[in-house]
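In: kindly return the folded structure for what I paste below:
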Amino acid sequence: MAVKVRIPTPLQKLTNGQDEVETEAGTVMSLINNLDKQFPGIGERISEGGKVRRFINIYLNDEDIRFLRNEETEIKDGDEVSIVPAIAGG
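Out: Numbers count the residues shown, from 1 in each chain. A predicted model of the protein is given here:
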């Protein structure tokens, strides 16, 4: 079993239009690295220097990873991850 990852619309051009992909379990950073191997270029849009970019929110089973262990949060088979870009408005 793998991990389901929901991809936001702005990044779907890197996943060949897929709004949901599967990858291996591990930590948040290993998940990002695995996604980047599958879909080159996606990693640099989500992370920088081993940290999730400030304007990107990642949720593990509907819980913000910032309230867990950030990039070191463990992800298990069967979990669902959502990548959500922050949106500002005024």
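In: roughly how far apart are residue 16 and residue 79?
Out: Noted for residue 16: a distance of 23 Å to residue 79, by CB to CB, to the nearest Å. Where C-beta positions appear, they are placed from N, C-alpha and C, glycine not excepted.
In: what does residue 65 give?
Out: Residue 65 is 11 Å from residue 79, by CB to CB.
In: what lies in contact with the longest helix that the chain contains?
Out: Counting by DSSP state H, the longest helix found in the chain is helix 28-38. The contact list for helix 28-38, computed with CB atoms under 8 Å, 6 or more residues apart in numbering, reads 3, 5, 21, 23-26, 42-44, 46-47, 50, 52, 58, 60, 65, 70-73, 75, 81.
In: give the buried residues for stretch 78-90.
Out: By 16 or more other CB atoms under 10 Å, the buried positions in stretch 78-90 come out as 79, 81-83.
In: show residues contacting that stretch.
Out: Stretch 78-90 has contacts (CB under 8 Å, 6+ apart) with 1, 3-8, 10-11, 25, 28, 31, 46, 54-62, 75.
In: good, we can wrap up now.
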